[in-house]
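Trainee: Turn this into a structure:
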Amino acid sequence: MRRLILMTLLLVAAPLTANAQTWPGWPAPPPPGYDPGSAIADQHRIEMDRLRNQAAEREALAQQQRLQTRLTIQQLEAARQPTPPLPPQTAYAPRTLEQERQAREAQDARRDQMVRGVTEIDAWLDRRPH
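Mentor: Sure, this is the predicted structure:
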């Protein structure tokens, strides 16, 4: 059983060791005149150009969405129903003598109703202690 597991591990590990020994860029040494520093600089320049283009596209999309938002708001405001004008403020109309009398009587009735409730409480508070 141990031999079977060992053989399986060796068969699985054999291709991994071969892949680890290869050179990452080309199957052969680099060509003459190859400058790793300039290649890296080119990669960085290409990436920076890609990022600038991506930022410009995003800015253009944001501008387009701002314009569409303004247009939608203007359309909604144009479609809104106008509010009816407020009625004109009426001038002060003095009450007649009959209305004044009714208001005084209603005030007296409210006051009497309140006094009746208060006098019951006052009588209870003024009782003699036991």
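Trainee: Show me how far the strand or helix carrying Arg45 is from its chain's centre.
Mentor: Taking DSSP states H and E as the criterion, the element that holds Arg45 is helix 36-79. Once both centres are worked out by CA atoms, centre = their mean, to the nearest Å, helix 36-79 turns out to sit 22 Å from its chain's centre.
Trainee: Would you list the phi and psi of Pro88?
Mentor: Main-chain dihedrals, Pro88, degrees, to the nearest 10: phi -70, psi 150.
Trainee: re earlier: ok, then the element right after the helix holding Arg45?
Mentor: Helices and strands here follow DSSP H and E; after helix 36-79, the next one along the chain is helix 97-125.
Trainee: Point out the other helices and strands that that next one packs with.
Mentor: Taking 3 or more CB pairs under 8 Å, 6 or more residues apart in numbering; DSSP states H and E as the contact definition, helix 97-125 has no neighbouring helices or strands. C-beta: built from backbone N, CA, C; applies to glycine.
Trainee: Let's test this: mean pLDDT of it, rounded?
Mentor: Averaging pLDDT along helix 97-125 yields 87.
Trainee: Flag the shaky bits of this protein, pLDDT-wise.
Mentor: Under the criterion pLDDT under 70, the flagged ranges of the chain are 1-27.
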